[in-house]
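Asker: Next input, structure requested:
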Amino acid sequence: MIEHLGGLMRRTTTAAVLLVGLLAAGCSSGDDGDDGKSGAAPAPAASSAAPSTSEPAVAPTLSKEWQPKLDAATAGDHDDVCKTVGSTACVTYITELAEVVYDVRDAIDTAGATAAYPETMDAIQDVEDASAGYAEGGCAGSSEATLAEGSACGGYVATLLTGPGIVSLTMTTDELTAS
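Answerer: Numbering: from 1, shown residues only. You can find the predicted model right below:
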């Protein structure tokens, strides 16, 4: 229950930080980022303590439900939405992508299957770290950083853009490994 609430708080805090960052054009609170990091650190330890008896039966069900949702999140023409990584359109899009990834984490936590999805949980943590870095780095509202120039903000956005696809692939890998 506490893990689930922590996941919900991380998701809500990260989305709020991204949106506030956009509105404040680079003005973010270190407290929000620190809360996300300190909330994220205990999750791997807790995930290793999750019961393993029900995981093999739960794993295939989770991918069947979540892979279509992850695929749908990236469907459509979004090629140039993050050309400038601080644009309003980019912030909105990467926030939506991160929300779907956080929903997957919540579903895994709720199912008590964190131990069955080690690679997936690592990929989700990468998204959380990129989201926190983006918010803390004042990337939202920046008109200078682009994906092409290899800036820190561009790196965060690249991770957020590829996050749903990587989470989808790692779910399959984790489930095949568990079988």
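Asker: need the strands for the protein, in chain order.
Answerer: For the chain, no strands turn up when DSSP state E is the criterion.
Asker: low-confidence ranges in it?
Answerer: Where the chain drops to pLDDT under 70, the residues are 1-60, 145, 147-148.
Asker: how about 90 then?
Answerer: Within the chain, the segments meeting pLDDT under 90 span 1-61, 74-85, 137-138, 141-152, 177-179.
Asker: by contact count, what packs against the top helix by length along the chain?
Answerer: Longest helix in the chain by number of residues (criterion: DSSP state H): helix 152-178. Where contact means 3 or more CB pairs under 8 Å, 6 or more residues apart in numbering; DSSP states H and E, helix 152-178 is packed against helix 55-74, helix 88-111, helix 118-136. Quick note: C-beta positions are derived from backbone N, CA and C, even for glycine.
Asker: List the buried residues of it.
Answerer: Residues of helix 152-178 classed as buried: 153-157, 159-164, 166-168, 170-171, 174-175, 178 (neighbour count, 16 or more other CB atoms under 10 Å).
Asker: Looking at the helices and strands packed on helix 152-178, which is nearest to D80?
Answerer: Between D80 and those, the shortest gap by CB to CB is with helix 88-111, which sits at 8.9 Å.
Asker: That closest one - contacts with which helices or strands?
Answerer: Here helix 88-111 touches helix 2-24, helix 55-74, helix 118-136, helix 152-178, going by 3+ CB pairs under 8 Å, 6+ apart.
Asker: Next, the angle helix 55-74 makes with the longest helix of the chain.
Answerer: 150 degrees (axes from the mean of the first three to the mean of the last three CA atoms, to 10 degrees).
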